[in-house]
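Asks: Structure here, sequence nowhere to be found:
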C-alpha cells in the first residue's frame, strides 16, 4: 500500500514565530548594559501591540518608526508582528519635503518617535496629528504604555499571512525610493530560510548594528534570531573600533552587514590575536572581494556575501569556486535577458587578459523567469509594479552578464551604460577595476558628453582615509591592469573626500557631481597620466 503524501508544512507568519518565544526564558537581547529574556521581549511587545490597537483608526494600519537602534525599536517591530500592523521604517537621512513625502505617501496613521529623530520632523506636515505621535522618551509615553491592555501573543495566530508586515523603502540611488511590501508570510519564510541555510541555532548570538529602518537589519539579523531563539546584541550605531571588543564580550557568532562595515573594521589596526574570537559567519552584501578575503583571513570566520533585491525575488550567492569579479550563481530560473528581444543573452566572451569582448550581446537585465509569485508589490505604485513584473517575469533593473559556467557579473543599474567611441560600456566592471587602486575607497563611473559624439568616461573617486592621490602611482596602476579595456580608461577623474551614500553605503549616483570644471583631472592623450582641466 502506498503511503499517503504528507501535507506540506504551512509557512509560519512572523507573528507566530514571535509568539512562539512567549515562554522562552533564554536571553533574547543585550542593549547597552541591560538584557531581556525572550519572555520579557514578547511581554514588552504585547504591551505595545495593545497600544497599537487603541491607536488604530480606519484605513491602512501603517505606523511610522522614527527610532534609533534601541530595545524600544525592537519591541515595536515585535509588537507589529503580534498585532498584524504594518511598520514603516523612517530613513533619518531623508530631509524636509522628501521625508514628509515618505510618511504621507505610506499613509502612516501613527508615528513612534524618539528624541534623536524629533528634530527631523519639526515643522513637517506628516499628516499624523500630535495625539497620534508617540514620543518614547517622555513620561507621558510611559504612562500611556502602562495603561494599555496587553495583547495576548496567542492572537498572532489569527493574523492573515498576506498582511503587510513592513514597508521598506528602496535605497533610491537613481530615483525616488519605492516602498517594498513584505508580508507576514514572507518575513516568516525569511526567518526560517536564514536559520536553515546558515545552520543557526539557539546557541547563536546575532550582532545587529545596521540601521533598523533598513531591511538588512530586520531580515538578516533579527528574523533568524527570532526563529532560533538566539540572542540579539543591539547597538545604536555601527562602530568599527568597538566591533571586535563587542564580539568578544558577548560571544557573537553571527554578524550581518550591508555596504562597507567590513572595510571599516579592516581599517582598524591589526593585532596578532584578531582571529581569537567566537565569530562564525559574517553575512551581508556589497562588500568588495578584497575585503571579503581579508576579513575572513584576519578574523577567522566565513564571509557569506550575497547579491539580492529588497523585493526578495533575486538572489545570487558566492560559492567557493566563484571567479574574481563575479557575484556568484543563482537558482534555476534567474537568467540574463535582452529586454529588446526577450531572449536570454549569450555567455560573455573574454580575451586572454579577461576583458569583456561582447558587451553588446552579453549584457542584459537580471530576470527571474519563475519567481513572479515572490514579488509582493510596492505600496501604491502600480507603475513601478508594472515595470518590475512584465511578461510574467520579474525584472530586477540590474544589468549583468554571465560566463560560460553560469557565473554572474554585475554591470550596473539599467541606466548604467556609456557609449564610448561607438561601443557600449557597462559601468560596474570599470568601477570594480578602478576600485583596486589602494588609495580609493569607492568609485562611481558616469557618462559626460564627449565633445564629438557619444560619452566620455568620468570616474569620481573617493579617497581612503589618510590617503593622498599619487598621479605617478595611479598611472603605473593603470598600466599594470591586464583586464583594463581600451575604452574603460577615464577621460576625466574627480577626487572627493566622500561619495554621496545611503545609510547602507550605496553610492547615490544622482547626487554625484558630474561637472567637468577646474577641480577635475583630465587624461593626457595616449597616456595614463592626468593633469588639471584648463
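Replies: Cool, the structure landed. In this text the structure is predicted, and so the values were computed from the model without any measurement.
Asks: So what would you say the end-to-end distance of stretch 105-121 is?
Replies: End-to-end distance of stretch 105-121 (CA to CA, to the nearest Å): 15 Å.
Asks: average pLDDT across it?
Replies: Summarised as a single mean, pLDDT over stretch 105-121 is 96.
Asks: residues making contact with it?
Replies: 52, 55-57, 59-68, 70, 72, 76, 88, 90, 92, 95, 99, 103, 126-128, 132-137, 167, 179, 379-380 (CB atoms under 8 Å, 6 or more residues apart in numbering). All C-beta atoms are positioned from the backbone trio N, CA, C, and that covers glycine.
Asks: I'd like the distance from that stretch to the chain centre, please.
Replies: Centre-to-centre, stretch 105-121 and its host chain are 22 Å apart (CA atoms, centre = their mean, to the nearest Å).
Asks: Kindly report the same for stretch 292-299.
Replies: Worked out by CA atoms, centre = their mean, stretch 292-299 lies 21 Å from the chain centre.
Asks: Pull out the buried members of the contacts of stretch 105-121.
Replies: Buried members of the contacts of stretch 105-121, counted by 16 or more other CB atoms under 10 Å: 52, 55, 60-68, 70, 72, 76, 88, 90, 92, 99, 103, 126, 128, 133-136, 167, 179, 379.
Asks: Let's see which of the residues you listed end up in strands.
Replies: Among the buried ones among the contacts of stretch 105-121, the ones falling in strands (DSSP state E) are 62, 63, 64, 65, 66, 88, 133, 134, 135, 167, 179.
Asks: name the helices or strands packed onto the helix or strand of the chain with the lowest mean pLDDT?
Replies: Sorting the helices and strands of the chain by mean pLDDT, DSSP states H and E puts strand 423-426 at the bottom, at a mean of 80. The contact analysis (3 or more CB pairs under 8 Å, 6 or more residues apart in numbering; DSSP states H and E) places strand 423-426 against helix 359-362, strand 417-420.
Asks: so what strands line up beside the last one?
Replies: Pairing partners of strand 417-420, with direction, according to DSSP bridges: strand 423-426 (antiparallel).
Asks: What backbone torsions are found at the residue nearest to residue 420 when sequence neighbours are not counted?
Replies: Distances taken as CB to CB, 6 or more residues apart in numbering place residue 487 nearest to residue 420, at 4.4 Å, with adjacent residues excluded. Phi and psi for residue 487, reported as degrees, to the nearest 10, are phi -90, psi 0.
Asks: could I get the ones in strands among the buried ones among the contacts of stretch 105-121 as CSV with distance to residue 27?
Replies: Shown next, in CSV, are these (distance: CB to CB, whole Å):
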residue, distance to residue 27
62, 32
63, 28
64, 30
65, 24
66, 28
88, 29
133, 33
134, 27
135, 29
167, 31
179, 34
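Asks: one step back: burial of the residue nearest to residue 420, as a residue count?
Replies: Residues lying near residue 487 (other CB atoms under 10 Å) number 18.
Asks: and residue 345, what is it in contact with?
Replies: 336, 337, 338, 361, 362, 363, 364, 401, 402.
Asks: what does the longest helix along the chain rub up against?
Replies: Criterion DSSP state H: the longest helix present in the chain is helix 38-55. Helix 38-55 has contacts (CB under 8 Å, 6+ apart) with 18-19, 21-29, 36, 61, 63, 71, 74-76, 78-83, 85, 109-110, 132, 134, 144-145, 148-153, 229.
Asks: Mind checking which of the residues you listed are in helices?
Replies: Reading helices off the contacts of helix 38-55 with DSSP H, I get 18-19, 71, 74-76, 78-83, 144-145.
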